[in-house]
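Enquirer: Got a sequence here, can you build the structure:
(3 chains)
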Amino acid sequence: METTLIEACAALERHGMQPRLEGDPSRHIIGVATLEDAGESEISFLANPKYEKLLATTRAAAVVVRPDVTARNGLNLIRVDDPYAAITILIIELHGYRKHSPPPRDAGSPNIAASAKIGANAQIHPGVTIAEDVTIGDNAVIYPGCYIGPRCRIGHNVLLYPNVVLYEDTVLGNRVTVHSNTVIGNDGLGYAPVGGKWIKIPQIGTVEIGDDVEIGSNCSIDRATLGCTRIGSGTKFSNLIAIGHGAQIGPDCLFVAQVGIAGSATVGRHVTMAGQVGVVGHIRIGDNATVGAKAGVTNSVPDGETVLGQPAIPIREMRRQIAYMLRLPDLNRQVKEQEKRIAKLEEQLRNCQRST
Amino acid sequence: METTLIEACAALERHGMQPRLEGDPSRHIIGVATLEDAGESEISFLANPKYEKLLATTRAAAVVVRPDVTARNGLNLIRVDDPYAAITILIIELHGYRKHSPPPRDAGSPNIAASAKIGANAQIHPGVTIAEDVTIGDNAVIYPGCYIGPRCRIGHNVLLYPNVVLYEDTVLGNRVTVHSNTVIGNDGLGYAPVGGKWIKIPQIGTVEIGDDVEIGSNCSIDRATLGCTRIGSGTKFSNLIAIGHGAQIGPDCLFVAQVGIAGSATVGRHVTMAGQVGVVGHIRIGDNATVGAKAGVTNSVPDGETVLGQPAIPIREMRRQIAYMLRLPDLNRQVKEQEKRIAKLEEQLRNCQRST
Amino acid sequence: METTLIEACAALERHGMQPRLEGDPSRHIIGVATLEDAGESEISFLANPKYEKLLATTRAAAVVVRPDVTARNGLNLIRVDDPYAAITILIIELHGYRKHSPPPRDAGSPNIAASAKIGANAQIHPGVTIAEDVTIGDNAVIYPGCYIGPRCRIGHNVLLYPNVVLYEDTVLGNRVTVHSNTVIGNDGLGYAPVGGKWIKIPQIGTVEIGDDVEIGSNCSIDRATLGCTRIGSGTKFSNLIAIGHGAQIGPDCLFVAQVGIAGSATVGRHVTMAGQVGVVGHIRIGDNATVGAKAGVTNSVPDGETVLGQPAIPIREMRRQIAYMLRLPDLNRQVKEQEKRIAKLEEQLRNCQRST
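Expert: As a prediction, this is how the structure comes out:
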């Protein structure tokens, strides 16, 4: 879509922002790009102060910045309180979300069970398997190589990228997106130890994914042994994430790549997990908690807490612990020096006593 | 399957248990559920004492508990020494393992090489590729999107979920289950450094998986450069596990999600690896060893040892190390106080000497 | 291929090596194997001194060793400065790289858009999807289940193993190999927080992979939000690696399994990342740097540095830190003992003062 800076500001205002335009209101823009890459028809943004020096050299048609940023004369600016949110709106306005071409008409029919119910306007690509008694809502886009097991129930406007696998009885809400090669509903590590061998426990539970969830690529979400593994609505996952059987993940969480949550753990609402975090089973991570990258969480975390480290502890304790670690060389030096002073004192006292 | 509590006890006895039933022997049960979810026709269990309070509120038809658990009047109980093993048996009796519907007759034939030999009663779904000179035993179930490379040899009763990939010459034993999107036999990171570039070493080895192995979803098991990567019989893997080229994993091991084992490492029998463990190459993890979550194992581990931490050390040493860490604030305080006392002693002694 | 030891030495000489043969120049060899597995027609090698004792028992036709290794009489040896590089050459000579059988003629045509341009001698297997406006160079081998999204541009001699997914606009250079179930170009974790919800930012950037890159199985490489995620030419990845949106990875790097690189991180040339490393966003890892297994890199790393730990620090500092940790028991003992000596001094001084 093509637009002008003044129209871009109008779009931001429609989303409740109060942009201030400095420069040429009629300047044309056709897209969004980084400060380094932007050409003269593209708008850019500065959210991280670290990159402020790029304002001097960018060729962008305009830059979305915070109110207090200073820039060279002649650079068109749109000032807003939250440049990151503003550029998000402009990307949506100018580029929109991915369009999905319909599957070819003549490419061989997908393998759909007669008992499956598929909503209006669904785009089911070749090489998709839809097993018996599946229900799929309207406007689904299901790319090649996806497998949807028996009795899965899938909401409206769901998007499954190539090679997604849903095991039987998996439930996806409306507007769920799952990226390629992710597996939902596979059996978890459920075995009973009997005489040194592992006897498989039938995994008869399911997985339920709420509305507006997006799951990255190559994730694995175990079905519950009994009951249900749940991912709350609005939660977003990056790639290569492992969710154990029976875990309960709240709504509006954000999980970075390679997070692992053990079975029967409970994660509250709006929890942020940085990359490569691990959480043991049978504990609770409170609402609005933040878990730092690579943390190993072994105890429940209260609401709103930020934890870090292995085992994870509150961030202020971790900082203190690191400070003590860094003081170790000094501490050793001090003790060594005290050793000498004590020895000297002992000698002096011996002399002193001898002399008296 | 429907049954009664007295019949359930009989089933447990057939498996060598000695259940004691307290309550109504003729009570009907049709399934197993958690204490929270169980309805009045479902049996539940209590294995983790943490959940004991749920006995007060559960609507379950009966609960399998340890001999010493107390519960409210009127709640039917089956007392056994190992409730977890008992409920496993009841899940198997009442629900059984997953049933696999046969592939549709009219969905287009899978892509099977003429030279492939496939056993009786095999269910090969559409969209499966079976390359030349593959051998597959009886009763195999191979779901859509699986790729079985040239010369693979697969035992009886093998189960491959959708999109599993076996590179050429991979060997699977009998009763092996592989979950979706797992890759077995891909090339490992085998390169020779020549003048700052990496020259690929042809990976001419293979992978051999023993009987009764179950591999989770999205795992990657490298073929050996030379020789064989081995997974011993009875071993169970969770999801997103990486096994390096030439690793030798013993029988009856249990690996939790996101474990990584470097090439040429050796893991003994009945080893437990918790989540996100990493093991470097060319070391040995002894039989019956346990490696704690997120541990980074850099040295061989003796039989039966439990290790923890990065680098991993025996758990008792780790506990001591953590205790010393936690003592650091006190230690610093103590040294600071000693500093004052030494200074005071020095001053007193100076005065003392001066006065004498 | 069959050859003799003298011909093997000639091959090494053609690659600029100076082999010294001790033993029977006409001895026939037909393959390469480990010292343990080698039969009497196979050549083996010793690169890791740890395995030197196997020279006593190997049945190999000959062994490639360093100049200074001593072995039993009668064992044919080829002495070279770099046995690992030499055996690589011999594996290539004797076994070569994997051969790819052409797809069956009668297995149903793949789903290729009319607008796709595919080079000469391409082998496109059944069950492959090639979307509109894709360009693929000569001699491509694309295995079943691969999905190549709209407008992807793929160089010559590219090899995609089964179930690889390339999202739209992905660019692969010449001689790129991607192993099974890897996903390139999926959306990264790009959301703007608005009122406690996460609003998806359209991910309008792309991914560019340089020449001679090899990517392992089950990896996920995010497309950039804006601009481009880049993997430099000659770089090699193992399995289960996560690359965040907009990351810039230099040429000739080597990444071991389960590495995770956050969005907008920059990695220089010829960087080695050991297994399970994590790198946060917006930092730079210098050329020729080495990052130890499981390290969590939170600050930029200078060229040539080796870092370790969480947070990662230079290896010499880490060693010092560990030494201080290991000294903690002694330090505690010392302080405790000093406590007694100070108390004794204080008492003596009190007595001394009293007596004077």
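Enquirer: Retrieve the pLDDT associated with A:K344.
Expert: At A:K344, the model reports a pLDDT of 89.
Enquirer: so it, which of the three states?
Expert: Assigned state for A:K344: helix (three-state reduction, DSSP: H, G, I helix; E, B strand; the rest coil).
Enquirer: And the residue of the stretch 1-150 of chain A closest to chain C?
Expert: Residue nearest to chain C within the stretch 1-150 of chain A (CB to the nearest CB): A:T88, separated by 4.0 Å. Bear in mind the C-beta positions are built from the backbone N, C-alpha and C, glycine included.
Enquirer: Could you verify that that residue is part of a helix?
Expert: Yes - A:T88 sits within a helix when classified using three-state DSSP.
Enquirer: Double-check it against C:Q203; I have them as touching.
Expert: No - using CB atoms under 8 Å as the test, A:T88 is too far from C:Q203 to be in contact (11.3 Å).
Enquirer: Show the pLDDT at A:N218.
Expert: 98.
Enquirer: list the contacts for it?
Expert: Each residue near A:N218 by CB atoms under 8 Å, 6 or more residues apart in numbering or on different chains is listed here: A:180-182, A:239-240, B:181, B:218, B:240, C:181, C:183, C:218-220, C:240.
Enquirer: Could you do A:Q338 as well?
Expert: For A:Q338, counting by CB under 8 Å, 6+ apart, the contacting residues are B:335, B:338-339, B:342, C:338.
Enquirer: Wasn't it part of a helix?
Expert: Yes - assigned with three-state DSSP, A:Q338 falls within a helix.
Enquirer: ok, it to B:K340 distance?
Expert: Remark: distance between A:Q338 and B:K340 (CB to CB, to the nearest Å) = 11 Å.
Enquirer: Can you tell me which residues in the stretch 51-200 of chain A are near chain C?
Expert: By CB under 8 Å from any CB of the partner chain, the residues of the stretch 51-200 of chain A that approach chain C are A:84-85, A:88, A:91-92, A:95-98, A:101, A:104, A:107-108, A:125-127, A:143-145, A:161-163, A:179-181.
Enquirer: Report the buried members of those.
Expert: A:85, A:88, A:91-92, A:95, A:98, A:104, A:107-108, A:125-127, A:143-145, A:161-163, A:179-181 (16 or more other CB atoms under 10 Å in any protein chain shown).
Enquirer: Report the entries of those residues that also contact chain B.
Expert: Checking these against chain B (CB under 8 Å from any CB), the matches are A:108, A:127, A:145, A:163, A:181.
Enquirer: What number of residues are in the vicinity of the nearest residue to A:Y167 once chain neighbours are set aside?
Expert: Spatial nearest neighbour of A:Y167, excluding adjacent residues (CB to CB, 6 or more residues apart in numbering or on different chains): A:G185 at 3.3 Å. The local packing of A:G185 (other CB atoms under 10 Å in any protein chain shown) involves 28 other residues.
Enquirer: which residues does A:G185 contact?
Expert: Counting by CB under 8 Å, 6+ apart, A:G185 has contacts A:149, A:166-170, A:206-207, A:221-223.
Enquirer: Now intersect these with the strands, please.
Expert: Judged by DSSP state E, strands contain the following of these: A:166, A:206-207, A:221-222.
Enquirer: In a markdown table, list those along with pLDDT and neighbour count.
Expert: Output for these, formatted as a markdown table (pLDDT from 0 to 100; neighbours: other CB atoms under 10 Å in any protein chain shown):
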| residue | pLDDT | neighbour count |
| --- | --- | --- |
| A:L166 | 98 | 30 |
| A:T206 | 96 | 22 |
| A:V207 | 98 | 26 |
| A:I221 | 98 | 30 |
| A:D222 | 98 | 33 |
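Enquirer: measure A:V165 to chain C for me?
Expert: A:V165 sits 11 Å away from chain C, going by CB to the nearest CB, to the nearest Å.
Enquirer: any idea which element the closest residue to chain B within the stretch 251-356 of chain A lies in?
Expert: Of all residues in the stretch 251-356 of chain A, the one sitting closest to chain B is A:Y324 (4.1 Å; CB to the nearest CB). When elements are defined using DSSP states H and E, A:Y324 is found to belong to helix A:315-355.
Enquirer: quick one: low-confidence parts of the stretch 251-356 of chain A?
Expert: A:355-356 (pLDDT under 70).
Enquirer: how about a cut-off of 90?
Expert: A:321-322, A:325-326, A:339, A:343-356 (pLDDT under 90).
Enquirer: Output the set of residues of it in proximity to chain B.
Expert: Counting by CB under 8 Å from any CB, the stretch 251-356 of chain A sits next to chain B at A:258, A:260, A:262, A:276, A:278, A:280, A:282, A:296, A:298, A:310, A:320-321, A:324-325, A:327-328, A:331, A:334-335, A:338, A:341-342, A:345, A:348-349, A:352, A:355-356.
Enquirer: Quick one: buried ones out of those residues?
Expert: A:258, A:260, A:262, A:276, A:278, A:280, A:296, A:298, A:310, A:321, A:324, A:328, A:331, A:334-335, A:338, A:341-342, A:345, A:348-349, A:352.
Enquirer: Which residue is the nearest non-sequential neighbour of the residue of the stretch 251-356 of chain A closest to chain B?
Expert: B:L328 (4.1 Å).
Enquirer: That neighbour and C:V335: what is the separation?
Expert: B:L328 is 11 Å from C:V335, by CB to CB.
Enquirer: And the contacts of A:N218, which is closest to A:R20?
Expert: A:N239 (38.4 Å; CB to CB).
Enquirer: Need the per-residue pLDDT for that closest one.
Expert: 98.
Enquirer: what about it, is that helix, strand or coil?
Expert: Quick answer, by three-state DSSP: A:N239 is coil.
Enquirer: Am I right that it is in contact with A:G216?
Expert: Yes - using CB under 8 Å, A:N239 is in contact with A:G216, at 3.8 Å.
Enquirer: Please enumerate the shared neighbours of those two.
Expert: With CB under 8 Å, 6+ apart as the test, A:N239 and A:G216 both reach A:179, A:257, C:186, C:220.
Enquirer: what sits against the first one?
Expert: When contacts are counted by CB under 8 Å, 6+ apart, A:H179 touches A:161, A:164, A:214-217, A:219, A:239, C:183, C:186-187.
Enquirer: okay, now the nearest residue to it once chain neighbours are set aside: neighbour count?
Expert: Residue nearest to A:H179 in three dimensions, not counting chain neighbours: A:S217, with 4.0 Å by CB to CB, 6+ apart. Neighbourhood size, A:S217 [other CB under 10 Å]: 35.
Enquirer: same question, the one 3 residues further on
Expert: Residues lying near A:S220 (other CB under 10 Å) number 33.
Enquirer: And it, how far from chain C?
Expert: In this structure, A:S220 and chain C are 10 Å apart, going by CB to the nearest CB.
Enquirer: how about the nearest residue to that residue, chain neighbours excluded?
Expert: B:N239 (3.5 Å).
Enquirer: Cheers, nothing more for now.
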